[in-house]
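Enquirer: With the input below, show me the fold.
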Amino acid sequence: MRNPEVALRHNAYQVALPHQPTSSPMTTPFTTLRARLLLGWALLATLLISSGPASAHAQDSQARVEGQSLVVVLPGGAEAVVALGCTPVDMRVRGDRAFVACAREVLVVRIGETAAALLSRHAVSAEAVRFVDVGAELWVETHRRAAEPVAELVAGSVPETHGERGTGVTPVPHSRSVPEPSPAHEASPAPEARGAVARGESVAVTPADGDSVVVALGADHGLEVGSRIELFVVREEDLGDGQLSAQEQRVAVGEVVSVGADRSRVRVGLGERVPADARARPTDRDLTRSLVAPPRIGGFVSTSVVLRALLAVQQLGLLAMADLRATYHGEQPYFLRAEVDPVGLSMVEGPNQAVFGARILAGYDHALFGVGLGVGAARVEDRFWVDDERVRYEVDAVAFTIDQYVRVGAVDGLNLEVTSGFALEHGIFRWARVRADVQIPVAHAVWLTLSGAGGHTGVVTGEIGVRYMARGDGAAGTLFILGSAGGGSFFYGPGHYEGAHVGFGFELRL
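Expert: Numbers count the residues shown, from 1 in each chain. The predicted model follows:
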């Protein structure tokens, strides 16, 4: 009697018992017993091989894609969520690394014992389709698109190979490349196809000068001047117990102002600072920039100097006046200011006169309003009666002042600023001066200004001006050019001079 061959298969592993020759009845039980023992050892070995871990993380780690996030089941059973910033088309886990393929990039996620985090991003030369195994290596299959004019095809002037579709495979991570046939001619994709590829995917952002950034999207992705780009960052929060929460935070929605084949310059609003790790993607959302109320920027010192020359009309002469100011806007909503306003000198026939006022202010600096208090000193010319004492006082000296500051509106938007002071004169605080400034945004980087000041400090002025942002984005390094024209008067003692004036200055943020 012949014994049949006994075989066992499990997870591509095969263990087979050899064919036994015909034996006598005395040897048949022994043969059967030996076959059963070998079968038992084969089953045990097969189970051990199939359950043996390739690595500690490969044994326990599982991952799945949810939207634009990768959910990783950690060895302890907890789940970690990693924000990807793109829509995956395929995903593989190899040991303590998860590889995610998006449209034009491959992401590497590190899987730890208690957490998972995005490790790196790698650009792919064409559209990623899926991962494939080439021996023991992991590769990403790519797909190229092309378009060809129908008119030329009909006319027969285009070879059959023109615009053919090509597929290539790129190793992941860095390894050798697999060559692919190059089409005789590859045209740019149609705008509809390009926009569909770019929509929903994100690319890196490169900061540029002024109020703009450069993104790795261009005409090849369906962009044109006027297209809108959403800029955002991904922030992770440790929830404890090995769990991470990732959220997208929108920074701004900007407008494409110049476009190349695969790069574009995007303008953002004043005060919309874009971090270096921001991502960009096409969008249909409304622009976030605001001329009236741009966001508050902190962490810089604003220094300004304005010089004015007043030509007296009653008497030949020239009067020079100036405003000097330095303001620190903190990262937190507060400000510190030191200013000299007014300071002036008359150069006319007869004795020269001078005016002076200075103060230090501090206060709360909200995005839409500000209030502050301070102290200072000013040269005051005042005459007043004290009813109880029936005494008339005349003051012509430098007096201690208490000053107040109020701002309604954004610093770089539509606002009204008022500064007033009370001087200590013969033991009595009396109103000494007031200054009001109105700022009206009229275009990007251009503001109209209206100013007026007066009191017992020797100067009364009124003017209209223009404020122009020559460079920068409102933060440190920004330069404003200031120009104005108006009229005023300069008085002290017997001297009283009136006339027209022009002013010029600058504001530099450090």
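Enquirer: so where do the strands sit in the stretch 201-350 of the chain?
Expert: Assigned strands in the stretch 201-350 of the chain, in chain order: 203-207, 212-215, 228-240, 243-259, 264-267, 279-282, 300-312, 317-329, 334-348 (criterion: DSSP state E, counting those that start in this stretch).
Enquirer: what's the most buried one of the ones you listed?
Expert: Compared across the strands of the stretch 201-350 of the chain, strand 264-267 shows the largest average neighbour count, a mean of 24 (mean count of other Cβ atoms under 10 Å). Bear in mind the C-beta positions are built from the backbone N, C-alpha and C, glycine included.
Enquirer: for that one, packing partners?
Expert: strand 212-215, strand 228-240, strand 243-259 (3 or more Cβ pairs under 8 Å, 6 or more residues apart in numbering; DSSP states H and E).
Enquirer: now for the longest one, which elements pack on it?
Expert: The reference is to strand 243-259. Counting by 3+ Cβ pairs under 8 Å, 6+ apart, strand 243-259 packs on strand 79-83, strand 212-215, strand 228-240, strand 264-267.
Enquirer: now the helices and strands packed on strand 264-267 as TSV including mean pLDDT and distance to Thr206?
Expert: As requested, the helices and strands packed on strand 264-267 are exported to TSV (pLDDT from 0 to 100; distance: least, Cβ to Cβ, whole Å):
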stretch	mean pLDDT	distance to Thr206
strand 212-215	89	4
strand 228-240	84	12
strand 243-259	86	13
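Enquirer: for those strands, which one sits closest to Ile111?
Expert: strand 243-259 (11.8 Å; Cβ to Cβ).
Enquirer: Direction included, what does the closest one pair against?
Expert: Each strand paired with strand 243-259, and its direction, by DSSP bridges: strand 228-240 (antiparallel), strand 264-267 (antiparallel).
Enquirer: That one vs strand 79-83, what angle?
Expert: Interaxial angle of strand 243-259 relative to strand 79-83 (axes from the mean of the first three to the mean of the last three Cα atoms, to 10 degrees): 10 degrees.
Enquirer: Give me the distance from strand 243-259 to the chain's centre.
Expert: 7 Å (Cα atoms, centre = their mean, to the nearest Å).
Enquirer: which residues of the stretch 51-200 of the chain score low on pLDDT?
Expert: By pLDDT under 70, the weakly predicted segments of the stretch 51-200 of the chain are 51-61, 145-149, 151-200.
Enquirer: Tell me where it has strands.
Expert: Under DSSP E, counting those that start in this stretch, the stretch 51-200 of the chain gives strands at 62-66, 69-73, 79-83, 90-94, 97-101, 105-111, 116-123, 127-134, 137-144, 166-172.
Enquirer: cool, and the stretch 351-500 of the chain?
Expert: Counting by DSSP E, counting those that start in this stretch, the strands of the stretch 351-500 of the chain are 354-365, 369-386, 391-409, 415-425, 428-443, 446-455, 459-471, 479-492, 495-509.
Enquirer: Name the residues of the third one that are buried.
Expert: When neighbours are counted by 16 or more other Cβ atoms under 10 Å, the buried residues of strand 391-409 are found to be 395, 399, 401-405, 407, 409.
Enquirer: Now for Val418, how many residues are close by?
Expert: 14 (other Cβ atoms under 10 Å).
Enquirer: Now do Ile464 against Gly505, distance only.
Expert: Going from Ile464 to Gly505 by Cβ to Cβ, to the nearest Å gives 15 Å.
Enquirer: which of those two has more neighbours?
Expert: Set Ile464 next to Gly505 and count neighbours by other Cβ under 10 Å: Gly505 wins out with 20 against 13.
Enquirer: Identify the bridge partners of that one.
Expert: Beta-bridge partners, per DSSP bridges, of Gly505: Val306, Leu482.
Enquirer: Export the strands of the stretch 201-350 of the chain as a markdown table, with columns for distance to Gly421.
Expert: As requested, the strands of the stretch 201-350 of the chain are exported to a markdown table (distance: least, Cβ to Cβ, whole Å):
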| stretch | distance to Gly421 |
| --- | --- |
| strand 203-207 | 42 |
| strand 212-215 | 41 |
| strand 228-240 | 44 |
| strand 243-259 | 40 |
| strand 264-267 | 41 |
| strand 279-282 | 49 |
| strand 300-312 | 19 |
| strand 317-329 | 15 |
| strand 334-348 | 10 |
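Enquirer: Contact partners for Ser451?
Expert: Residues near Ser451 by Cβ atoms under 8 Å, 6 or more residues apart in numbering: 435-438, 461-465, 484, 486.
Enquirer: just to revisit the earlier point, how about the strands of the stretch 51-200 of the chain, which one is nearest Ser202?
Expert: Per Cβ to Cβ, nearest to Ser202 of the strands of the stretch 51-200 of the chain: strand 105-111, 9.2 Å.
Enquirer: May I have the strands that pair with that closest one, each with its orientation?
Expert: strand 97-101 (antiparallel), strand 116-123 (antiparallel).
Enquirer: Nearest to His456, out of those?
Expert: Nearest of the strands paired with strand 105-111 (Cβ to Cβ): strand 116-123, 64.8 Å.
Enquirer: Domain-wise, how is this structure divided?
Expert: 7-51, 203-286, 300-509 (automatic domain parsing).
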